[in-house]
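# 3D model of this:
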Amino acid sequence: MSKPLVSVQYQNKKNSDEYDGREYTYFAGIDLAVGDLVIAPVGNSESVAKVSAVNVPESKVDERWMSKLKTIDKLYVPKSEERAIETEEIRAEDL
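Numbers count the residues shown, from 1 in each chain. Predicted structure coming up:
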């Protein structure tokens, strides 16, 4: 069985709190839900994107593109949340 398909929208360059514009389809290498922030491969780089649809039917993807789809396998964690997670881990270790 192939990996599920998801659609994402990229982070707005002018307002990083917004994700808009065209939807792009990827394979999901991890469990994802609508609203999850992910690191999406783009060309030879990566970009922050927001999941806009899950379980996208293959019929919605042009079959000429199916072999070219990339896989999302990383969630995006903002630096402020990384620090909060690290702080909680330190506090848990102190117990």
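# Tell me if W65 really is in a helix.
Yes - judged by DSSP: H, G, I helix; E, B strand; the rest coil, W65 forms part of a helix.
# Need the nearest residue in space to it, chain neighbours excluded.
Distances taken as CB to CB, 6 or more residues apart in numbering put T25 closest to W65, at 7.7 Å, once the chain neighbours are dropped. For glycine as for every other residue, the C-beta is placed from the backbone atoms N, C-alpha and C.
# quick one: that neighbour and K3 touch, right?
No - the pair T25 / K3 is not scored as a contact, 11.6 Å apart, by CB atoms under 8 Å.
# Name the residue in the two with the higher neighbour count.
The residue with more neighbours, out of T25 and K3, is T25; 18 against 14, by other CB atoms under 10 Å.
# Relative to A40, how far out is that one?
Separation of T25 from A40 (CB to CB, to the nearest Å) stands at 11 Å.
# on that earlier part again, does the residue nearest to W65 sit in a helix, a strand or a coil?
strand.
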